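K.L.:
Sequence plus the predicted model coming up.
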Amino acid sequence: MEILKEIANKVIEGRAQEVEELVKRALEDGVEVSSILNEGLIAGMQIVGEKFKNNEFYVPEVLIAARAMHKGMDVLKPYLEKSGVKPIAKYVIGTVRGDLHDIGKNLVAMMLRGAGFEVIDLGVDVPPEKFVEVVRNERAPLLGLSALLTTTMPSMKETIEALKRAGIRDKVKVMVGGAPLTQEYADEIGADGYAPDAASAIDKAKELLNQSC
Ligand code: B1M
């Protein structure tokens, strides 16, 4: 669809205002929210990633594109979060220590809210002790860890170890995700679940919650 390609291109060009307007127009035209997200915003960001990898784009261009993507996500947010039901359970989420990537984590948080979870988002660069403190104080049955860098993946294991040291590992199900993650890695570090994208993160969260009840 033409408008979705246009959204993707404007994300790549980092044109935040135009992305915002196009997303609004697509919604008015009745385009599916999931298509706007996947074939517009995420598709654009994927190309930004390829260009970044090939040294065609540098950090400033990526940041400008990320800002444009956020603008589009802000418009979609109420549609993704629309549910109006009582929270299913508390879900603590954050990007692990040393990692500043938050677009994917924000998307997962938004979709979880949309699915009826009460999400406590700790942001980025979250140390293991902070995760432990919040999970304990909030008595949250679910914890989601996001990492986008191979160098910060070990921080997920450190967080799981910190939960064990605090004596609350058996009280919380830990889910991990992020582009470099795999099911194999999740198993290796002793996580309870892994999800490759935001949509399957919702299914996994519900599955884990059922196991803990
Ligand atoms: Co960075 N970066 N970056 N970056 N960046 C990547 C990740 C990289 C793959 C680019 C590349 O080289 N091709 C590469 C990592 C290489 C590696 O480790 N293997 C990289 C690098 C190297 C870096 C720096 C080191 C660059 C530098 O400074 N030299 C630096 C590190 C900074 C730090 O974190 N300490 C850096 C910085 C940045 C920016 C700040 C410029 C910016 C982040 C802005 C922001 O997030 N606010 C940025 C961006 C935007 C990217 C790319 C281009 C896009 C990431 C993204 O947002 N994707 C990325 C390349 C790429 O991935 N194509 C790249 C869209 C998002 C919707 O997808 O986050 O994968 P994603 O989330 C998905 C799933 O993974 C999953 O669901 C989401 C939705 O479907 N998911 C979960 C995510 N979390 C989940 C949690 C779950 C379940 C599912 O359960 C809890």
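P.N.:
Arrived safely, thanks for sending.
K.L.:
just how off-centre is stretch 23-43 within its chain?
P.N.:
Centre-to-centre, stretch 23-43 and its host chain are 18 Å apart (CA atoms, centre = their mean, to the nearest Å).
K.L.:
gap between the residue nearest to H101 when sequence neighbours are not counted and E81?
P.N.:
Counting by CB to CB, 6 or more residues apart in numbering, L148 is the residue found nearest to H101 once chain neighbours are left out, at 3.7 Å. Every residue, glycine included, has its C-beta placed from N, CA and C. Relative to E81, L148 is positioned 23 Å away (criterion: CB to CB, to the nearest Å).
K.L.:
What parts of the chain come near the ligand?
P.N.:
Residues of the chain found near the ligand (CB under 6 Å from any ligand atom) are 42, 45-46, 48-49, 52-53, 59, 62-63, 66, 93, 98-105, 107-108, 144-146, 148-151, 175-180, 195, 197-198, 201.
K.L.:
Break the chain down into its domains, please.
P.N.:
For the chain, automatic domain parsing gives the domain ranges 2-83, 90-212.
K.L.:
re the thing from before, more neighbours, L148 and E81?
P.N.:
Taking L148 and E81 together and counting by other CB atoms under 10 Å, L148 has the greater number of neighbours (22 against 17).
K.L.:
these two touch, right, that one and P180?
P.N.:
Yes: with contact taken as CB atoms under 8 Å, L148 and P180 are classed as touching, separated by 6.8 Å.
K.L.:
May I ask you to confirm that V174 belongs to a strand?
P.N.:
Yes: counting by DSSP: H, G, I helix; E, B strand; the rest coil, V174 falls inside a strand.
K.L.:
which stretches of the chain have low pLDDT?
P.N.:
Low-confidence segments of the chain, defined by pLDDT under 70, are located at 83-86, 114, 213.
K.L.:
redo that, cut-off 50
P.N.:
Of all residues in the chain, those with pLDDT under 50 make up the ranges 83-85.
K.L.:
Please name the residues that touch the spatially most central residue of it.
P.N.:
For the chain, the residue whose C-alpha lies nearest the mean C-alpha position (CA atoms, centre = their mean) is K105; its distance is 2.0 Å. If a contact means CB atoms under 8 Å, 6 or more residues apart in numbering, then K105 has 93-95, 121, 124, 144, 146, 178 as its contacts.
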